[in-house]
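Enquirer: Here is my input, please return the structure:
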Amino acid sequence: MRSLTLTSFAVASMWAFALAAPSQQRLPQADHILARRDYSAVPSVTTTTVAPSVITTTTSAAGFAATSTVSQSYNSNNNNNNNNNNGYDQKKKDEQKKIDDQKKKDEQKKIDDQMQKKKDDQKKNEQNKNQYGQNKKDDQNKNQNKNQYGQNKKGEDKKVNYVSKKIISSDQRQSADVFFPGFQHQANSGKNSADLFVLNFALTLEHLESAFNREGLSRFKNKDFERGGFSRYIRDEIKIIAFDESTHVTTLISVIESSFGKGKAVSPCRFNFGLRDVNNFLAIAQILERTGVQAYDGAIRFIENDDIKNAGAAIATVEGRHSSFLNILSHRHISDGPFDAPLGVRSVTSIAASFIESCPFEFPVQPFDVLEIRNIRVRINTEIEFRVSGYGASDFSSHFCAIVYGLSQKRVGVKVRNNSVFCDIPTDLRGFSSAFIFLVNADADVSVEDDSHVVAGPTSIDIIDSIY
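Expert: Next comes the predicted model:
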C-alpha cells in the first residue's frame, strides 16, 4: 500500500487533463490558478491511504477548497475549449464552402465563355462562308470563262480593271527609240533625250484620256446621266475635264515639235474602253485621272529642261483636281492619302494597257502580268487573296507583296494556304484610303527607277477603315 498526497494527485490530474484537451497543450486558466496558489500556507496536509478495497481520505478545509477550485477551473476551461473548437470548425467549413462556391462559379463561367466563343466562331464562319459563296457567285455571273480583269472578244463588254496580260501591239512597228530615246540606258539619241521620252509617254496618256472623254460624252447625254442618278451639272463638269485633256494634247505636241522637230510627237493609239453605262464611264474616268497624276509624279524627276518640268508640274496639278472630283462621284475620299504614289513607266503601262488595242509605234515597255485580287475593298489587319494566271500557289512561297501607299511602301511575306495565296494588310496603311499591290520576288523596294523584280501588278485596293 502506498500513500500519495491529495495535492500532488490533484496537480498530476490537472496536467493529465491539460495534455488530453483537443488542439491545446496547456490550460491557460489552470496555470494562472496554480501560479497564485501558496502551498506553504496550507495548515495541514491531506493524506490518502490506498487499499485494495477502501480509500480513506483526510482533508483539511484549505486543501478541499484548493482541489475544488482546480476542478471547477478545469470544467470551465473544457467548456470554453469545446465552444472555441466548435466555432473554429464552423468557420473553417464556411470558408471552405465559400472557396468551393467560387470555384464552381469560375468553372461555370469558363464553360459559358467557351460555349459563347464557339457560337461566335460558328456565326463568323457562317458569315465568311456566305460572303465567299456570294463573291464566287458574283464572279461566275460576270463574264464567265473570261479572265477576271477582262480579255474580251471584240464587240463584247469589257470589265473595268487596272492591269492586263495583253501585249501592246504595233501597227507600223516604228522603233520605240524614235519617240522614246534613252529609255533604260539605251543609246542616247541626242541632247535632252530623256525629256523627249517623258513628253511622248505623257502624250500617249493624254491621247488616251482625251479619246475616252470624247467617246463618253458622245454616247451618254443628259438623260443618260439623270438615269444613272447624276444631274446635268455632272455632265457639264465632264465637258470641262474633256476640254482640259484635249488642251494637254495640243500643248504637248507643240512643246515636242518646237523642242525636237516635226514628226517627233507620237500619234494616238487605238483604244477600246468597253463603255456600258454612265456609272461604268465615271468609274473608268476615276481610274484614268488618278493614273495620270501618278504618271506625272513618277516621270517628272527625269525631265532635264526646267521649262518642260514646270509645264509637267502644271498639268499634274490639274489632273489631281480631276481625280478628286471623280473620287467624290465614286463615293471615295477626296484624296487617297496625304501623298500620291509615284509610278514608273511599266507600272503605268500595266494600268493603261487594259484600254489599248494597238499603237502606230513600238511601245517602249510591256505590261506586267495580271495580279488578280479576290476582293479589293479591304480592312487593316486583314488579308487579301490573290492569284496570277499561269502560276500555281507554290510558285510564290518565297515571294513578297510590295504595298505602295503615297511615298512609302511595306513588304509582307506571301502566305500559301490550301493552294491559295494571301498577303496581310498592315497597320502602316492607316491614313490612306487606297494603295497599290505588287507581287515581287525579292525583298526590295519597287521604285520608279527599278521594278525589275516585279512579277505582277500593280492592282489597286481600297482601304475602307483607314481614317475613321
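
Enquirer: Surely Ile351 and Thr291 touch.
Expert: Yes: at 5.0 Å, Ile351 counts as touching Thr291 under the criterion of C-beta atoms under 8 Å. Yep, even glycine has a C-beta here, placed from its N, CA and C like the rest.

Enquirer: Which element, helix or strand, includes Thr287?
Expert: Residue 287: Ile, not Thr. helix 278-299 (DSSP states H and E).

Enquirer: Check which residues of that helix are buried.
Expert: 278, 280-282, 284-299 (16 or more other C-beta atoms under 10 Å).

Enquirer: how about the spatially closest residue to Val404 that is not a sequence neighbour, what does it touch?
Expert: Of all residues not flanking Val404 in the chain, Phe436 sits nearest, at 4.4 Å (C-beta to C-beta, 6 or more residues apart in numbering). Going by C-beta atoms under 8 Å, 6 or more residues apart in numbering, Phe436 touches Ala341, Leu343, Ser347, Ile403, Val404, Tyr405, Gly457, Pro458, Thr459, Ser460, Ile461.

Enquirer: So which of those residues belong to strands?
Expert: Ile403, Val404, Tyr405, Gly457, Pro458, Thr459, Ser460, Ile461 (DSSP state E).

Enquirer: Run through the bridge partners of the first one.
Expert: Here Ile403 sits in beta bridges with Lys410, Ile437, as judged by DSSP bridges.

Enquirer: Render the CA-only coordinates of the helix holding Ile287 in CSV, please.
Expert: Only the C-alpha atoms of helix 278-299 are listed here, as CSV (Å, rounded to 0.1, in the frame of the first residue of the first chain):
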residue,chain,number,x,y,z
VAL,A,278,-22.8,56.3,-117.1
ASN,A,279,-21.6,54.6,-113.9
ASN,A,280,-19.2,52.5,-115.8
PHE,A,281,-17.9,55.6,-117.6
LEU,A,282,-17.3,57.5,-114.4
ALA,A,283,-15.6,54.5,-112.8
ILE,A,284,-13.1,54.3,-115.7
ALA,A,285,-12.6,58.1,-115.6
GLN,A,286,-11.6,57.9,-112.0
ILE,A,287,-9.0,55.2,-112.8
LEU,A,288,-7.5,57.1,-115.7
GLU,A,289,-7.3,60.5,-113.9
ARG,A,290,-5.6,59.0,-110.9
THR,A,291,-3.2,57.1,-113.1
GLY,A,292,-2.4,60.4,-114.9
VAL,A,293,-1.4,62.1,-111.6
GLN,A,294,0.8,59.2,-110.6
ALA,A,295,2.4,59.0,-114.0
TYR,A,296,3.4,62.7,-113.9
ASP,A,297,4.6,62.3,-110.3
GLY,A,298,6.9,59.4,-111.3
ALA,A,299,8.2,60.9,-114.6
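
Enquirer: mean confidence for that helix?
Expert: Averaged across helix 278-299, pLDDT comes to 94.

Enquirer: same check, this time on stretch 455-465
Expert: On average, stretch 455-465 scores 90.

Enquirer: Give the buried residues for it.
Expert: Buried-residue list, stretch 455-465, by 16+ other C-beta under 10 Å: Val455, Ala456, Gly457, Pro458, Thr459, Ser460, Ile461, Asp462, Ile463.

Enquirer: Check Ile376 and give its pLDDT.
Expert: Looking at Ile376, the pLDDT reads 88.

Enquirer: Distance check, it against Asp395.
Expert: 22 Å (C-beta to C-beta, to the nearest Å).

Enquirer: circling back: which neighbours do Ile351 and Thr291 share?
Expert: Joint contacts of Ile351 and Thr291 (C-beta under 8 Å, 6+ apart) are Leu343.

Enquirer: so where's the stretch 51-200 of the chain shaky on pLDDT?
Expert: By pLDDT under 70, the weakly predicted segments of the stretch 51-200 of the chain are 51-86, 128-192.

Enquirer: could you redo the last one with a cut-off of 50?
Expert: Across the stretch 51-200 of the chain, the ranges flagged by pLDDT under 50 are 51-71, 74, 141-165, 184-191.
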